[in-house]
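*Asks:* Generate coordinates for the sequence data below:
(chains A and B)
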Protein chains: 2
Amino acid sequence: MEQMKVLVVGLGLIGGSMCKAMRRFTNHLVYGYDTDGAVLEQAVRDGAILEAVPKSGFHEFDLIMVCLHPRAAKAFFDAHIPDFRPGAMLTDVCGIKGALVEHVTELAAEYGQRYVGMHPMAGKERFGYPFSEGSLFLGANCIITPIPQTSKAAVCILEQLVHDLGFAHIVETTPEGHDAMIAYTSQLAHVVSSAYVKSPTLEQENGYSGGSFQDMTRTATLNEEMWASLFLENRKPLLFELNTLIENLQAYRDAIDRDDYTTLVELLRDGRIRKEQNLLSHAKDRRE
Amino acid sequence: MEQMKVLVVGLGLIGGSMCKAMRRFTNHLVYGYDTDGAVLEQAVRDGAILEAVPKSGFHEFDLIMVCLHPRAAKAFFDAHIPDFRPGAMLTDVCGIKGALVEHVTELAAEYGQRYVGMHPMAGKERFGYPFSEGSLFLGANCIITPIPQTSKAAVCILEQLVHDLGFAHIVETTPEGHDAMIAYTSQLAHVVSSAYVKSPTLEQENGYSGGSFQDMTRTATLNEEMWASLFLENRKPLLFELNTLIENLQAYRDAIDRDDYTTLVELLRDGRIRKEQNLLSHAKDRRE
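*Replies:* Next up is the predicted model:
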């Protein structure tokens, strides 16, 4: 694809990894903006960006990728959309889309710019630039959230870029569809991990666990301010998922309490079949 | 260590892996007993066992390792302890120890045999001989559950064997201590995985998830009869852990419902700190 001059705003885990991946897998010219000067210096030393860009240079870019938490991303777009040039493409990587997408789409249109929301489904249980890596997105899912006003051409360019960075699957859905799915596949998992480590038994765990404990608790090291914001901006779908899980856990709890082998086997068998069907849908997808 | 003639009873995932690991990493002579003749033939073809042994040959063995589900293991010991020779060592790999250990210890003592319970903390989300592998235990934890009557010499021999198979950590605890820990580190994780896939949102999950969803649901493909038995034989500790988790999930749910950012950040921060301390205890352990 045509070489673009790209500005990555916010060099955390995702922003830093985006810079490194673009430098490694594309020929785009990658620049960075961050409020932390030390991170920018490190990114230049690492070759993750060509150089740091002051606000006065924002108008030079073809693509601006905002890698900030949702509230900071909205504030950044509100403050700086007038600084970008007409025709520029804007995107973000926020884990929540509902409120942001329509707002930024309309604001960008006022200045002749094209905004497309995306959510790279990749991450780590640690955060910040030092954990970023160019291979973070290899094989991952990426969700793109166009709305009726979104430029089809801009969606194509973004999807090509995402493809070049090594993502394996790109799906398009509405911002609301995205948020409902993410409540289940990501947010609920983070709540469970965080709740799981609250048992007093944790203190004696060392030496007594296998892979399942590690899997359950891996994401408990999350960034609490970011995730609290994400959860509260997605309250309705997340409450639905939390209530559903609690109800289901209670069904197992009650069967165990009643010493009810038949019901317990039924509950576990139903879970096994659902998971197998889910694995089957993934396998089919890979074969296609 | 001295070469032993070992009989593995039950060539499922764990039994099959024990055979393969002993053949690969030790010089013991490994034989198998299973009610499924096809599995025995396959194990001989794979070189996992030297040959299948009829019940009439049980008296020839130095070590009998029973790799059956808890109820079947108890039934096997009850039926066949008289068939083993005085001085033989007996062990099992059951995921629940409370009821079994004292019973088998006493029964074995009547026949001049030495029983030691163990629980290899390794597994897979699939079960059966075809999934067994000799490398299954590399780096894993193994719990040994002696009681006051247990032969110290037999514990030493078993721990040497476990060490030779590639386990990284061996801990000793009481059968009751084992069961309380396992309710948290393993059984609760399997209940959560199984309950997690009950959300109606699962049907649209494909393409919308990252690592955290896969981690949460990996073990949902469990063997429902085995796990239902394990759960019901460990009701009290498991109910404690399930109630604790449900209460903790409700605290997050309530904070999200009230739109209470401060409490939510507090809950998540507390979880992060607990998980970090847990990781720290593992890291210290590795350095020692």
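
*Asks:* Residue A:35 and residue A:12, how far apart?
*Replies:* Using C-beta to C-beta, to the nearest Å, residue A:35 is found at 11 Å from residue A:12. All C-beta spots, glycine's among them, are computed from the backbone N, C-alpha and C.

*Asks:* ugh, wrong one, residue A:206
*Replies:* Residue A:206 is 31 Å from residue A:12, by C-beta to C-beta.

*Asks:* Of the two, which one has the most company?
*Replies:* residue A:12 (23 against 18; other C-beta atoms under 10 Å in any protein chain shown).

*Asks:* what residues are up against that one?
*Replies:* A:67-68, A:127-129, A:132 (C-beta atoms under 8 Å, 6 or more residues apart in numbering or on different chains).

*Asks:* now, among the residues you listed, which is nearest to chain B?
*Replies:* Proximity of the contacts of residue A:12 to chain B was ranked by C-beta to the nearest C-beta; the top entry is residue A:127 with 10.7 Å.

*Asks:* The closest one is in contact with residue A:13, isn't it?
*Replies:* Yes. Using C-beta atoms under 8 Å, residue A:127 is in contact with residue A:13, at 4.9 Å.

*Asks:* Indicate whether the top strand by length along chain A makes contact with chain B.
*Replies:* With secondary structure taken from DSSP state E, chain A has its longest strand at strand A:114-121. Yes. Strand A:114-121 is in contact with chain B by C-beta under 8 Å from any C-beta of the partner chain, via residue A:121.

*Asks:* what packs against that strand?
*Replies:* strand A:89-92, helix A:98-110, strand A:141-144, helix A:152-164, helix A:175-182 (3 or more C-beta pairs under 8 Å, 6 or more residues apart in numbering or on different chains; DSSP states H and E).

*Asks:* what is the orientation angle of that strand with helix A:175-182?
*Replies:* Between strand A:114-121 and helix A:175-182, the angle comes out at 10 degrees (axes from the mean of the first three to the mean of the last three C-alpha atoms, to 10 degrees).

*Asks:* what's across from whatever residue of the stretch 1-150 of chain A ends up closest to chain B in the sheet?
*Replies:* Proximity of the stretch 1-150 of chain A to chain B (C-beta to the nearest C-beta) peaks at residue A:121, 4.0 Å away. For residue A:121, the beta-bridge assignment (DSSP bridges) gives partners residue A:141.

*Asks:* Report the separation between it and residue A:143.
*Replies:* 7 Å.

*Asks:* Touching both of the two, which residues are there?
*Replies:* Counting by C-beta under 8 Å, 6+ apart, the residues touching both residue A:121 and residue A:143 are residue B:208.

*Asks:* Residue A:23 is in contact with residue A:46, correct?
*Replies:* No. Using C-beta under 8 Å, residue A:46 is not in contact with residue A:23, being 9.1 Å away.

*Asks:* and these two? which has more neighbours close in?
*Replies:* The residue with more neighbours, out of residue A:46 and residue A:23, is residue A:23; 19 against 15, by other C-beta under 10 Å.

*Asks:* separation between that one and residue A:242?
*Replies:* 40 Å.

*Asks:* Can you pull out the low-pLDDT segments for the stretch 51-200 of chain A?
*Replies:* For the stretch 51-200 of chain A, no stretch has pLDDT under 70.

*Asks:* So which residues on it come close to chain B?
*Replies:* Looking at chain B, the residues of the stretch 51-200 of chain A close enough under C-beta under 8 Å from any C-beta are A:121-123, A:140-141, A:143, A:169, A:171, A:173, A:178, A:180-186, A:188-200.

*Asks:* Quick check: PyMOL command selecting the buried ones in those.
*Replies:* Restricted to buried positions by 16 or more other C-beta atoms under 10 Å in any protein chain shown, the PyMOL selection for those reads:
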select buried, chain A and resi 121+122+123+140+141+143+169+171+173+178+180+181+182+183+184+185+186+188+189+190+191+192+193+194+195+196+197+198+199
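
*Asks:* chain center to the lengthiest helix in chain A: distance?
*Replies:* In chain A, taking DSSP state H as the definition, the longest helix is helix A:261-287. Centre-to-centre, helix A:261-287 and its host chain are 26 Å apart (C-alpha atoms, centre = their mean, to the nearest Å).

*Asks:* got it, and stretch A:252-265?
*Replies:* 37 Å.

*Asks:* mean confidence score for it?
*Replies:* On average, the pLDDT along stretch A:252-265 is 98.

*Asks:* touching chain B at all, that stretch?
*Replies:* Yes. Contact of stretch A:252-265 with chain B (C-beta under 8 Å from any C-beta) involves A:252-253, A:256-257, A:259, A:261, A:264-265.

*Asks:* Would you mind checking the residues you listed for buried ones?
*Replies:* Here, 16+ other C-beta under 10 Å leaves A:252-253, A:256, A:264-265 buried among those.

*Asks:* just the residues you listed now: which is nearest residue A:4?
*Replies:* Closest approach between these and residue A:4, by C-beta to C-beta: residue A:252, at 51.5 Å.

*Asks:* Quick check: that closest one touching residue B:195?
*Replies:* Yes. Using C-beta under 8 Å, residue A:252 is in contact with residue B:195, at 6.0 Å.

*Asks:* dump the residue contacts of residue A:119.
*Replies:* Residue A:119 is in contact with A:93-95, A:97, A:142-143, A:145, A:178, A:182, counting by C-beta under 8 Å, 6+ apart.

*Asks:* same question, residue A:174
*Replies:* A:145, A:147.

*Asks:* give me phi/psi at it?
*Replies:* Note on residue A:174: backbone dihedrals following degrees, to the nearest 10 are phi -70, psi 160.

*Asks:* Tell me how far it lies from chain B.
*Replies:* Per C-beta to the nearest C-beta, to the nearest Å, residue A:174 is found 12 Å from chain B.

*Asks:* And the contacts of residue A:12, which two are furthest apart?
*Replies:* It's A:68 and A:132 that sit farthest apart of the contacts of residue A:12, by C-beta to C-beta, at 14.4 Å.

*Asks:* Look at these two and report which has more neighbours.
*Replies:* Neighbours per residue, other C-beta under 10 Å: of residue A:68 and residue A:132, the larger number sits with residue A:132, 25 against 22.

*Asks:* and the more buried one, what does it touch?
*Replies:* A:11-17, A:19-20, A:48 are the contacts of residue A:132 under C-beta under 8 Å, 6+ apart.

*Asks:* Just send these back as JSON lines, with pLDDT and distance to residue B:233 too.
*Replies:* Shown next, in JSON lines, are the contacts of residue A:132 (pLDDT from 0 to 100; distance: C-beta to C-beta, whole Å):
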{"residue": "A:11", "pLDDT": "97", "distance to residue B:233": "52"}
{"residue": "A:12", "pLDDT": "96", "distance to residue B:233": "47"}
{"residue": "A:13", "pLDDT": "95", "distance to residue B:233": "43"}
{"residue": "A:14", "pLDDT": "96", "distance to residue B:233": "45"}
{"residue": "A:15", "pLDDT": "98", "distance to residue B:233": "50"}
{"residue": "A:16", "pLDDT": "98", "distance to residue B:233": "49"}
{"residue": "A:17", "pLDDT": "98", "distance to residue B:233": "46"}
{"residue": "A:19", "pLDDT": "98", "distance to residue B:233": "53"}
{"residue": "A:20", "pLDDT": "98", "distance to residue B:233": "51"}
{"residue": "A:48", "pLDDT": "97", "distance to residue B:233": "54"}
